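J.: predicted model follows, preceded by the sequence.
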Amino acid sequence: MERYYQPEIECASREQIREIQNEKLKKQVQHVWDNVPYYRKKMEEKGVTPADIQSVDDLCKLPFLSKADLRDAYPYGLVGMPLKDCVRIQSTSGTTGKRVVAFYTQHDIDLWEDCCARAIVAAGGTDEDVCQVSYGYGLFTGGPGLNGGSHKVGCLTVPTSSGNTERQIMFIRDLNTTILCCTPSYAAYLAETMKEMGLSPEEIPLKAGIFGAEAWSEEMRQSIQDTLGIKAYDIYGLTELSGPGVAFECSAQSGMHVNEDHFIPEIIDPETGEVLPDGTQGELVFTSLDKEAFPLLRYRTRDVCVLTREKCSCGRTHVKMAKPKGRTDDMLIIRGVNVFPSQIETVLLNQGYPANYQIVVDRVNNSDTLDVLVEMTQEMFTDNLGEIANRQKALVEGLKSMLGIKAKVSLVAPKSITRSEGKAVRVIDKRKI
Ligand code: DLL
C-alpha cells in the first residue's frame, strides 16, 4: 500500500515540485516536437521552439490544444509513439461529436493506474479492502482505470462494471465490499435501492466511495454519505489525459489534489486564453508531463473550475482543484443568463429533493423557456394540491434567487425519471438555434 502514498512527491515543497515539472516539461516538449507533426506545426505557427521552453513559467508560450484539434487529427494524428509500442486505446462516448480516441503505451497504463492507486489510498484503501468497480468497463476509462489502481493497492477487486443493480447489491453484501467506485448518480441510485430494501447504513459494509466522471454537488455528497454510511470522495479525469486519477480527494474532502508530478494545471479565461491567477474561476487546461503515446500540451478541458494552493490538512502539497462546476459546453445560456445544471441541483437538494431531475430548455415565440422536472420522494408524494403548490412555489423562488431567472417547476411522481447507471443525462435542449 505504501508504494501508492508517496509523501516525498505528494508532500514535496513547491520548489521541489517545480523542479520535477521543469525537467519533465522540457523533455515532453522535445518529445512532442520530434514525434507529433500536428503539434509541431502549431508551435511553428506561433514561432516557438523547444529551446523557448525552459521552465513552467514558459508554458504560456505554447499553443493550446482543443477538442477540435483532437477531431481534426483523428485517429492517429496526435500519437507520439510508433504503433508497435502502443498497447491500448480508450475512448469517450462521443455524445458531443466524434469520439476521442486516446492511445497508451504500457508505461502510460502503469502511470495511469498509479494515479488511480493514489486516489484509492487517499480514500483510506489498503490491501485489506474489497473494492467493487461499478464504473463501465470497455472503451470508457472508469472501469479499467480504477480496476488497475485497485490491483496495484492490493485490494480484492470486484469488477462488476455498471448496471444490474440487484447483483451489485448482492456482491456488496455477500463479499463485504468496503470501497465502491462508480458515478455519483449511480451511487445515489444504489443508495436509494438499498434504502428501499430496508437496509440501514450499519447493515451496509461499505466505508468509502470513489465517485466521479460527472459534476455532483456537496449536497449530493451529503445525501449519499448519509444513506450508505460512508465517506464519499471525488475523483476527476478525462480520457484525453488517461482517465480517472488526474486529481483525487483526500481525507479533507474539500477539493481534489492534482497529480502535479504528472500533470500541470492552468486556469484560463475561456474567451481570451489569458492565464488567470489561483482562486479565479475559469477553464481548466492540462499539460501531461509523462505520457508517451498521447502527450497533450495545454489541452483545454472545457471544465469550469478554480485552483487553490492553501495548506491541506492531509499534508499533501499538490494544488487542489475545486469540484468542477460543469463544462463550458454544459453551460446553458437561457435568456442571456449562464446557467449550470449543478446550480439547479444545489437548490433541489437543499429543499430535500433527491438528485433525480430533468432540465428541459426550449424556445417558444423567440423566448427561451426553462422547465425543471423534479421528482418527489415517497414521503412528499401527496394528493393535497395546496401542499404541492407550496412546494412548487418554494422551488421557483429558490431557483430564481440562485439563477436570476424564472423557471417553471413540475413536481413528478417518485421513480418517474429514468435512473442512470453511468453518467446521468440531465439536460434536454430542444432549441434549434
Ligand atoms: O469521465 C474519466 C473518469 C472516470 C473520471 C471515472 C472519474 C471517474 P471522460 O468520459 O473522457 O472521462 O469525461 C471527462 O467528465 O472533462 C469532466 O467534464 C467530467 N468529469 C470527470 N470527472 C469529474 C468530476 C471520465 N469528478 C469529463 N466532477 C471531464 C465533475 C467530472 N466532472
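T.: It's in.

J.: the top helix by length along the chain: which residues count as buried?
T.: Ranked by residue count under DSSP state H, the longest helix found in the chain is helix 14-35. Neighbour counts over helix 14-35 (16 or more other C-beta atoms under 10 Å) mark 17, 21, 24, 25, 26, 28, 29, 31, 32, 33, 35 as buried. Every C-beta, even on glycine, is put in place using the N, C-alpha and C of the backbone.

J.: and the fourth one, what pLDDT?
T.: Confidence per residue is given as pLDDT, and for residue 25 that number is 98.

J.: so who does it touch?
T.: Contacts for residue 25 (C-beta atoms under 8 Å, 6 or more residues apart in numbering) come out as 53, 55, 56, 59, 264, 287, 289.

J.: now the buried residues of helix 14-35 as TSV including distance to the ligand?
T.: Listed next are these as TSV, based on distance: C-beta to the nearest ligand atom, whole Å:
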residue	distance to the ligand
17	22
21	22
24	23
25	22
26	27
28	21
29	24
31	23
32	21
33	26
35	23
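
J.: and these, which two are the farthest apart?
T.: Distances among these were taken as C-beta to C-beta; the most separated pair is 17 and 35, at 26.2 Å.

J.: hang on, the earlier thing: could you identify the helix or strand that succeeds the longest helix of the chain?
T.: helix 37-46 (DSSP states H and E).

J.: what's the mean pLDDT across that next one?
T.: 98.

J.: show me what the next helix-or-strand element following that helix is packed up against.
T.: Counting by DSSP H and E, the next helix or strand C-terminal to helix 37-46 is helix 67-72. Applying 3 or more C-beta pairs under 8 Å, 6 or more residues apart in numbering; DSSP states H and E, one finds that helix 67-72 makes contact with helix 37-46.

J.: the helix it packs on to helix 14-35, inter-axis angle?
T.: Counting by axes from the mean of the first three to the mean of the last three C-alpha atoms, to 10 degrees, helix 37-46 lies at 110 degrees to helix 14-35.

J.: give me the buried positions along helix 37-46.
T.: In helix 37-46, counting by 16+ other C-beta under 10 Å, buried: 38, 39, 40, 42, 43.

J.: and it, what other elements does it pack with?
T.: helix 14-35, helix 67-72.

J.: how far does the helix or strand residue 145 falls within sit from its chain's centre?
T.: Assessed by DSSP H and E, residue 145 sits inside helix 142-153. Mean-position distance between helix 142-153 and its chain equals 16 Å (C-alpha atoms, centre = their mean, to the nearest Å).

J.: now what about the next helix or strand after it, what contacts it?
T.: Using DSSP H and E, the helix or strand that follows helix 142-153 in sequence is strand 156-158. Residues outside strand 156-158 that contact it (C-beta under 8 Å, 6+ apart) are 129, 130, 131, 132, 133, 147, 150, 151, 171, 175, 177.

J.: any chance of a PyMOL selection covering the buried ones in those?
T.: PyMOL command restricting the contacts of strand 156-158 to the buried ones, with burial defined by 16+ other C-beta under 10 Å:
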select buried, resi 129+130+131+132+133+147+150+151+171+177
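
J.: in helices, which of the contacts of strand 156-158 appear?
T.: 147, 150, 151, 171.

J.: ok, so of those, who is nearest residue 283?
T.: residue 147 (30.3 Å).

J.: identify the bridge partners of the nearest residue to that closest one once chain neighbours are set aside.
T.: Excluding the flanking residues, the one nearest residue 147 by C-beta to C-beta, 6 or more residues apart in numbering is residue 133, at 5.1 Å. When bridges are called by DSSP bridges, residue 133 pairs up with residue 181.

J.: residues touching residue 13, list them.
T.: So residue 13 contacts residue 317 (C-beta under 8 Å, 6+ apart).

J.: show me the contact partners of the helix-or-strand element of the chain with minimal mean pLDDT.
T.: Least confident helix or strand, the chain: strand 326-327 with a mean of 80, by mean pLDDT, DSSP states H and E. Outside strand 326-327, the residues within contact range by C-beta under 8 Å, 6+ apart are 215, 301, 302, 303, 304, 340, 341, 342.

J.: ok, and of those, which contact the ligand?
T.: 215, 301, 303 (C-beta under 6 Å from any ligand atom).

J.: between these, which is nearest residue 162?
T.: For those, the nearest to residue 162 is residue 215 (18.0 Å; C-beta to C-beta).

J.: any idea which element that closest one lies in?
T.: Going by DSSP H and E, residue 215 is not in any helix or strand.

J.: so how far is stretch 6-15 off the chain centroid?
T.: 24 Å.

J.: meant to ask about stretch 23-34
T.: So, by C-alpha atoms, centre = their mean, the centroid of stretch 23-34 is 27 Å from its chain's centroid.

J.: again, but for stretch 265-275
T.: Relative to its chain's centre, stretch 265-275 lies at 19 Å (C-alpha atoms, centre = their mean).

J.: can you give me the first-to-last residue distance of it?
T.: Using C-alpha to C-alpha, to the nearest Å, one end of stretch 265-275 lies 11 Å from the other.

J.: how close does residue 64 get to residue 81?
T.: Distance, residue 64 to residue 81, using C-beta to C-beta, to the nearest Å: 23 Å.

J.: ok, residue 159 next?
T.: 28 Å.

J.: neighbour count winner among residue 64 and residue 81?
T.: Legend: neighbour count by other C-beta atoms under 10 Å for residue 64 and residue 81, higher for residue 81 (20 against 16).
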